[in-house]
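Visitor: From the sequence below, what's the structure:
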Amino acid sequence: MKKTLIEKSFGLTLILQLFLSSINAQTSSGTKFTEGTWSSVKAKSEHENKYIFVDCYTDWCGPCKWMEQTVFPNDSVGKFYNDHFINFKINVEKGEGIEFKKKYGVNGYPTFIFFDPNGEMVHRAQGSRDAQEFIQLGKNVFIPDSTLYYLQKKYESGNRDSQLILNYIFALKDAFFRMDKYQDIVHEYLESQNKSELSSLRNWEFIKEFITDIKDSTFIYLLNEQDKFIAKYGMQQVYQKIFYTKLDYYSVKKDWKDYSWVAKEYVKLIPEIDSEKLNQIIWNFYENVADSTFLSKADSWGKKLVSMAPNYNNFDTYAHLLFKIGKKEESIATAKRAIEVAKQKGDDFSSTEQFLKNLNPR
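Guide: Predicted structure coming up:
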């Protein structure tokens with residue numbers, strides 16, 4: 001049968017679509033990891049003059065598995081990392097991974113380390129992140145002012161440019177180095193800033209991230225000049241920073257009396273209360289606070305919590321608090337409500353079931 005022009009056109013289109021699908025199938029397989037030893041990967045990197053990306057993981061690490069299942073198979077991630085790096089995975093609790101962990105100071109999972117073709121570390125970060133964040137992490141490797149070890153070398157050589165120090169501190173944080181290891185650098189940066197500069201957007205973001213001690217001079221400045229910060233960034237942001245810092249500080253110190261006073265003021269003054277933070281406060285009251293006056297306040301907070309965010313965790317937390325203040329029947333009813341919500345969402349509620357069994361032992 002003679003084919004019409006339309007039929008011929010359709011046939012060509014179909015062939016083209018199949019061809020493009022084949023191409024896409026070959027280029028959309030996600031991140032390709034090189035097999036072999038660490039020494040063979042370094043040799044390949046040197047030979048190809050290509051950077052190395054190393055994913056340091058363990059068998060039991062949940063975020064590592066999430067990266068493996070969700071991010072590494074992503075087409076865009078694969079395209080970028082396959083084009084720019086030799087990708088290598090290493091279990092730091094098995095085989096040569098044990099020595100690798102010691103040599104490169106891996107202390108959390110997942111840890112991502114980047115090496116140049118000479119085998120020198122240029123950057124590292126820790127913790128899972130989504131596809132776009134992970135691509136940006138890879139891009140930063142080729143921007144010296146964003147890489148940890150370039151910034152470290154500049155700093156150790158005596159460079160005290162305030163932007164360099166700022167970038168260095170954020171790079172240290174992203175690598176999950178303990179903050180007490182670079183607290184002096186944090187203060188060095190702040191001391192390089194005039195008081196009038198502390199309320200700038202750049203420094204406000206810095207203060208929110210790195211000032212955690214209520215006795216720190218910068219935190220005291222924030223307290224004294226809070227109206228200036230509120231005028232720029234709003235009461236919600238500024239109050240949250242002040243109260244969260246105080247709550248976390250007293251929690252670490254296990255000073256539950258001062259913690260209770262701050263919590264009371266927090267609930268009273270914060271316009272839009274964060275439900276997760278309120279849940280944490282009520283749970284701390286359940287576990288650590290004995291003062292009946294404060295506990296009665298927490299009862300009203302619990303009602304507020306399950307009203308604004310009626311999820312399993314909040315009902316469970318409130319049930320525990322109700323039991324502590326002697327409202328056993330209400331506690332049982334609230335725990336059962338928590339289980340109902342968990343069943344609807346498919347969440348695990350075994351701890352609440354055990355709580356109920358402890359309330360009604362047979």
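Visitor: now the strands for the chain?
Guide: For the chain, the strands defined by DSSP state E cover 51-57, 85-91, 111-115, 121-126.
Visitor: hmm, who's touching the third one?
Guide: This means strand 111-115. Here strand 111-115 makes contact (Cβ atoms under 8 Å, 6 or more residues apart in numbering) with 42, 45, 51-56, 85, 92, 104, 106, 121-126, 137-138, 141, 147, 176. Just so you know, the C-beta spots here come from the backbone N, C-alpha and C atoms, and that holds for glycine as well.
Visitor: what about the closest residue to Asn74 other than its chain neighbours, neighbour count?
Guide: Once flanking residues are discounted, Asn74 sits nearest to Ala131: 4.5 Å by Cβ to Cβ, 6 or more residues apart in numbering. A count of nearby residues for Ala131, using other Cβ atoms under 10 Å, gives 17.
Visitor: what about stretch 266-280, distance to the chain center?
Guide: 21 Å (Cα atoms, centre = their mean, to the nearest Å).
Visitor: coming back round to it: how much space separates the residue nearest to Asn74 from Glu197?
Guide: Ala131 is 36 Å from Glu197, where distance means Cβ to Cβ, to the nearest Å.
Visitor: still on that earlier bit, for ChimeraX, what selects the buried ones among the contacts of strand 111-115?
Guide: Of these, the buried ones go into a single ChimeraX selection, burial set by 16 or more other Cβ atoms under 10 Å:
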select :42,45,51,52,53,54,55,56,85,92,104,106,121,122,123,124,125,126,137,138,141,147
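Visitor: what's the distance between the residue nearest to Asn74 and Tyr81?
Guide: Separation of Ala131 from Tyr81 (Cβ to Cβ): 11 Å.
Visitor: So which residues of the stretch 151-300 of the chain form helices?
Guide: 162-174, 183-191, 201-210, 217-224, 226-233, 235-253, 256-269, 275-288, 292-308 (DSSP state H, counting those that start in this stretch).
Visitor: Redo the ones you listed as CSV? Include mean neighbour count and mean pLDDT.
Guide: Formatted as CSV, the helices of the stretch 151-300 of the chain follow (neighbours: other Cβ atoms under 10 Å; pLDDT from 0 to 100):
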stretch, mean neighbour count, mean pLDDT
helix 162-174, 19, 91
helix 183-191, 16, 91
helix 201-210, 16, 94
helix 217-224, 16, 95
helix 226-233, 14, 96
helix 235-253, 18, 96
helix 256-269, 18, 95
helix 275-288, 19, 96
helix 292-308, 16, 94
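Visitor: Format these as JSON lines; extra columns: distance to Lys357.
Guide: Output for the helices of the stretch 151-300 of the chain, formatted as JSON lines (distance: least, Cβ to Cβ, whole Å):
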{"stretch": "helix 162-174", "distance to Lys357": "43"}
{"stretch": "helix 183-191", "distance to Lys357": "46"}
{"stretch": "helix 201-210", "distance to Lys357": "43"}
{"stretch": "helix 217-224", "distance to Lys357": "45"}
{"stretch": "helix 226-233", "distance to Lys357": "48"}
{"stretch": "helix 235-253", "distance to Lys357": "30"}
{"stretch": "helix 256-269", "distance to Lys357": "28"}
{"stretch": "helix 275-288", "distance to Lys357": "18"}
{"stretch": "helix 292-308", "distance to Lys357": "22"}
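Visitor: between those helices, which gets nearest to Asp116?
Guide: helix 162-174 (16.2 Å; Cβ to Cβ).
Visitor: Now do that closest one: distance to the chain's middle.
Guide: Computed by Cα atoms, centre = their mean, the chain-centroid distance of helix 162-174 equals 17 Å.
Visitor: for stretch 42-52, same thing?
Guide: Averaged C-alpha coordinates place stretch 42-52 at 31 Å from its chain's average position (Cα atoms, centre = their mean).
Visitor: CA atoms of that stretch as PDB?
Guide: The C-alpha trace of stretch 42-52 is given here as PDB (Å, rounded to 0.1, in the frame of the first residue of the first chain):
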ATOM      1  CA  LYS A  42      43.300   8.900  42.500                       C
ATOM      2  CA  ALA A  43      45.300   7.500  39.700                       C
ATOM      3  CA  LYS A  44      42.400   7.800  37.300                       C
ATOM      4  CA  SER A  45      41.800  11.400  38.500                       C
ATOM      5  CA  GLU A  46      45.400  12.400  37.900                       C
ATOM      6  CA  HIS A  47      45.400  10.700  34.400                       C
ATOM      7  CA  GLU A  48      42.100  12.400  33.300                       C
ATOM      8  CA  ASN A  49      42.800  15.700  35.100                       C
ATOM      9  CA  LYS A  50      39.400  15.400  36.800                       C
ATOM     10  CA  TYR A  51      38.200  16.200  40.300                       C
ATOM     11  CA  ILE A  52      37.000  13.500  42.600                       C
END
